[in-house]
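1. Sequence and predicted structure below; questions after.
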Protein chains: 2
Amino acid sequence: MTTEYRVQDMTSEISEKLRSLSHDKFLDYYTAILDVRLKTYFEKLSKEADEYHPFIGSVSDHAGEYILRKGKRIASCSTLLAYHGYADRVDEEILKVCTAIELYRHSILIHDDLIDSDDLRRGGKAFHRLFSNEYDVDFGEGTAVFYGNVLFSKALAILVETGFKKDLLFDVARLLAKGYWEVNESQILDLLFEYEKPSIEDWEAMASKRAASLFKVTMLTGAILVEAPKQEFRLIEEAANHIGYSFDIQDDIIGTFASEEQYGRPSGGDIVRGKKPLHIVYTYQLAENGERGELERILTAKKVEMDDIERAREIIKACGALEKAKTRSREHAKKAIDIICETSMNSSAKSFFNSLINYVSKSLDWYK
Amino acid sequence: MTTEYRVQDMTSEISEKLRSLSHDKFLDYYTAILDVRLKTYFEKLSKEADEYHPFIGSVSDHAGEYILRKGKRIASCSTLLAYHGYADRVDEEILKVCTAIELYRHSILIHDDLIDSDDLRRGGKAFHRLFSNEYDVDFGEGTAVFYGNVLFSKALAILVETGFKKDLLFDVARLLAKGYWEVNESQILDLLFEYEKPSIEDWEAMASKRAASLFKVTMLTGAILVEAPKQEFRLIEEAANHIGYSFDIQDDIIGTFASEEQYGRPSGGDIVRGKKPLHIVYTYQLAENGERGELERILTAKKVEMDDIERAREIIKACGALEKAKTRSREHAKKAIDIICETSMNSSAKSFFNSLINYVSKSLDWYK
């Protein structure tokens, strides 16, 4: 769906589309709507930044291009859907909050790509690589640290300027702060595990504050702002937790096993960096001594060849670790769906979430 | 003053000390009080972090040690004094806000040291260097990015949990968000100017959002929370702006001209990195072609020797640029003092600020 939507009251259309479209078509529709708002936001931001200093204007342009690259806005769509689930409608104010959620999400991605030394993101350069031609690597890295910070604070600023009751926004600001320190603590563990062999419990500690934390932030933001019944918060939080685990495990499987065509950049980067996704942690448990040693040598090697990556994939599959990780992802997906059904959200929100979760769960079959 | 102060109601003692002590003795007294609170805060934080994962507990311990290193807590003391200036008293809640301000300040310092590749901070290792023995440089750098983020969000979290009216805390959260993006935009310019020759206007754009922005955040936080008369905000903001410029220029002069004993680490790092403090920007204007070219060669050299740093200092002094920068710092100091006098703050707050500003202004004489 490439039609440009005007920033106008199309909130009843959104409800209608949610009822009539499949989850993936709705995501496309929603993404197009939100992207118009993000585009407008960055035009204004770049103008203000340019008045401050032309170079900051150009950094803001880069950030706009980075955020607006083709992708699905699942994070902020979860906020919208949790809101719609209890309000049975959406409004302009919650769409502003969704813009803030995307800035929050991308502030995390900018730092994530930087520390993982990833060169690409969604078919374009990683943010810290956008400046390497004109300046140098150090400059790009510094700018990525600082501009990630700018985006986080801009997310907060958008949030507090929306028209919701201050009491509610206060709770969302608290949630956002907590979500941000959780995801950053999780990132430190993710980095630590490149140097160590995490146990299942270590991995769980890390994963409990990664995508699980992101979905808690996005879904609870919607629930708080719509003033959902208090007893629903616990359900939403549990559902978000299971969605997070399920998606995280799947995302890591994609990162190791997807084709470049599926992934938008070569997969296997986790192996090159010696990261420890769940399917690798399981391999430590399940593989024979010889194969475990072989995997360990690949993960700690200074230089990893394509053949090594392929061999690592074989080891992970042969011992049953890939299958075990898939099973765990599916179990979380099932629990998430059960809990979503328990909530008192309306049927269109429930069916969106359930269809999205099912899709992720089923997509595990693609990676063999 | 090394006595350990218990966390108890000593708020009337603080007012009394403010009246009876000189600004530097009061700063020592205040620092000791706040450090007890910071210590208690980090003990609790490390305990919670340790329950999440022992390694995150140890990172939190490192952060506590880093923040509690000997130093003067001018940032948060400005918040306390602005509050006292209108309330004629302090209370436990504003001291909690001061703790948040120190976390905010240090989240910025952690990223600043990282991007400036500084190895030391206040006589100890820079935060990103604390992990290089056990792990490696990349690990320390990643941890510094993520833990700087943790501290910023913890600052927000402390703030929203204090007992002030939500409306006021809302305004402070907005101020903190704005302060954070401003300082990060300024940091990008500071980095950019390592690659370029900034004009005076460029330098002013950068400096307007560095220390000037920090003092706006710290002083306005106090003024907002005490519900100072609305017309005072403009004065406080202007005063903070001039204090910021004055301190920034002085701080940069120290960075180039102080002895290692005065500075706690070798000075001249700005020259090695090719940074462009005001005294260098003035040198571009004032020095003869030959000397300007010589300075430019030193600033862009891959390897800078002690002799080069000494030669750069001579050039900056000989053309009058050092003196011109000092004059500008003193002018800002004078304006700041005039504006402080115009406010309706009580006399002890006024005399603290004025004495502090005078001290900084006079200290310019030390660097010749």
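-> Good, I have the coordinates.
2. and A:R121, backbone torsions?
-> Main-chain torsions, A:R121, degrees, to the nearest 10: phi -150, psi 120.
3. same deal with A:K125?
-> phi -70, psi 140.
4. before we move on, what about A:S117?
-> According to degrees, to the nearest 10, A:S117 has phi 50, psi 30.
5. check contacts around it.
-> A:R273 (C-beta atoms under 8 Å, 6 or more residues apart in numbering or on different chains). All C-beta atoms are positioned from the backbone trio N, CA, C, and that covers glycine.
6. For it, give its distance to A:R129.
-> Taking C-beta to C-beta, to the nearest Å as the measure, A:S117 falls 10 Å from A:R129.
7. Please, where are all the helices along the stretch 1-150 of chain A?
-> Remark: helices assigned in the stretch 1-150 of chain A by DSSP state H, counting those that start in this stretch are A:11-20, A:23-52, A:54-67, A:74-87, A:92-115, A:137-160.
8. And the third one, what's buried?
-> By neighbour count with 16 or more other C-beta atoms under 10 Å in any protein chain shown, helix A:54-67 contains the buried residues A:F55, A:I56, A:G57, A:S58, A:V59, A:S60, A:D61, A:H62, A:A63, A:G64, A:Y66, A:I67.
9. Would you format these as TSV with distance to A:H106 and pLDDT included?
-> What follows is the buried residues of helix A:54-67, written out as TSV (distance: C-beta to C-beta, whole Å; pLDDT from 0 to 100):
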residue	distance to A:H106	pLDDT
A:F55	20	98
A:I56	17	98
A:G57	18	98
A:S58	17	98
A:V59	14	98
A:S60	13	98
A:D61	14	98
A:H62	12	98
A:A63	8	98
A:G64	10	98
A:Y66	7	97
A:I67	5	97
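10. Next, work out how far apart the nearest residue to A:L21 once chain neighbours are set aside and A:P229 are.
-> Closest residue to A:L21 in three dimensions, ignoring its sequence neighbours and counting by C-beta to C-beta, 6 or more residues apart in numbering or on different chains: A:Y29, at 6.2 Å. Taking C-beta to C-beta as the measure, A:Y29 falls 29 Å from A:P229.
11. the more surrounded of the two?
-> A:Y29 (19 against 11; other C-beta atoms under 10 Å in any protein chain shown).
12. quick one: low-confidence ranges for chain A?
-> A:1-9 (pLDDT under 70).
13. Look through it and report the residue furthest from the middle.
-> A:G290 (35.8 Å; C-alpha atoms, centre = their mean).
14. from what I can see, that residue looks like it's in a strand, true?
-> No: assigned with DSSP: H, G, I helix; E, B strand; the rest coil, A:G290 falls outside any strand and is helix.
15. can I get the CA coordinates of the helix or strand A:Q285 falls within in PDB?
-> Element membership for A:Q285 (DSSP states H and E) is helix A:278-286. Extracted in PDB, the C-alpha atoms of helix A:278-286 (Å, rounded to 0.1, in the frame of the first residue of the first chain):
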ATOM      1  CA  LEU A 278      19.100 -19.900  22.600                       C
ATOM      2  CA  HIS A 279      19.800 -22.400  19.900                       C
ATOM      3  CA  ILE A 280      23.500 -22.100  20.700                       C
ATOM      4  CA  VAL A 281      22.900 -22.400  24.400                       C
ATOM      5  CA  TYR A 282      20.900 -25.500  23.700                       C
ATOM      6  CA  THR A 283      23.700 -26.900  21.600                       C
ATOM      7  CA  TYR A 284      26.100 -26.700  24.600                       C
ATOM      8  CA  GLN A 285      23.600 -29.000  26.400                       C
ATOM      9  CA  LEU A 286      22.800 -31.300  23.600                       C
END
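16. which bits of the stretch 201-350 of chain A sit near chain B?
-> Counting by C-beta under 8 Å from any C-beta of the partner chain, the residues of the stretch 201-350 of chain A close to chain B are A:D202, A:A205, A:M206, A:K209.
17. Tell me the residues of the stretch 1-150 of chain A that contact chain B?
-> Counting by C-beta under 8 Å from any C-beta, the stretch 1-150 of chain A sits next to chain B at A:49, A:52-53, A:55-56, A:59, A:111, A:114-115, A:135, A:139, A:141-143, A:145-147, A:149-150.
18. change it to 10 Å
-> Contacts of the stretch 1-150 of chain A with chain B, taken as C-beta under 10 Å from any C-beta of the partner chain, map to A:49, A:51-56, A:59-60, A:107-108, A:111-112, A:114-117, A:131, A:134-136, A:138-139, A:141-150.
19. would CSV of the helices of the stretch 1-150 of chain A with distance to B:E194 be doable?
-> Formatted as CSV, these follow (distance: least, C-beta to C-beta, whole Å):
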stretch, distance to B:E194
helix A:11-20, 47
helix A:23-52, 19
helix A:54-67, 13
helix A:74-87, 35
helix A:92-115, 19
helix A:137-160, 8
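20. you'd agree A:K25 is up against A:K17?
-> Yes: the pair A:K25 / A:K17 is scored as a contact, 8.2 Å apart, by C-beta atoms under 10 Å.
21. Which one's more surrounded, those two?
-> When A:K25 and A:K17 are compared for neighbours, A:K17 comes out ahead with 17 against 12, by other C-beta under 10 Å.
22. Can you tell me the closest non-neighbouring residue to that one?
-> Spatial nearest neighbour of A:K17, excluding adjacent residues (C-beta to C-beta, 6+ apart): A:Y29 at 5.2 Å.
23. can you check A:R210 too?
-> Nearest to A:R210 is A:S186, by C-beta to C-beta, 6+ apart, at 4.6 Å.
24. Shouldn't the one you found be within a helix?
-> Yes: according to three-state DSSP, A:S186 belongs to a helix.
25. Quick one: residues contacting it.
-> Contacts of A:S186 were listed using C-beta atoms under 10 Å, 6 or more residues apart in numbering or on different chains, and they are A:205-214, B:52-53, B:56, B:146.
26. Quickly note the distance from the residue nearest to A:L21 to chain B.
-> The gap separating A:Y29 from chain B is 31 Å, by C-beta to the nearest C-beta, to the nearest Å.
27. ditto for A:M345
-> 28 Å.
28. host element of that residue?
-> Here A:M345 is assigned to no helix or strand, by DSSP H and E.
29. Could you give the number of residues near it?
-> 27.
30. can I assume A:E13 is in contact with A:I33?
-> Yes: counting by C-beta under 10 Å, A:E13 touches A:I33, with 9.0 Å between them.
31. What sits closest to A:E102 if chain neighbours are left out?
-> A:S76 (5.0 Å).
32. At which residues are the helices of the stretch 201-350 of chain A located?
-> Using DSSP H, counting those that start in this stretch, helices in the stretch 201-350 of chain A cover A:211-225, A:230-257, A:260-263, A:269-273, A:278-286, A:289-300, A:306-318, A:321-342, A:347-363.
33. Tell me the buried residues in the third one?
-> Yep, that's helix A:260-263 we're talking about. A:Y263.
34. quick one: contacts of it?
-> Residues contacting helix A:260-263 (C-beta under 10 Å, 6+ apart): A:L120, A:I254, A:G255, A:T256, A:F257, A:P266, A:S267, A:G268, A:G269, A:S363, A:W366, A:Y367.
35. Brilliant, that's me finished.
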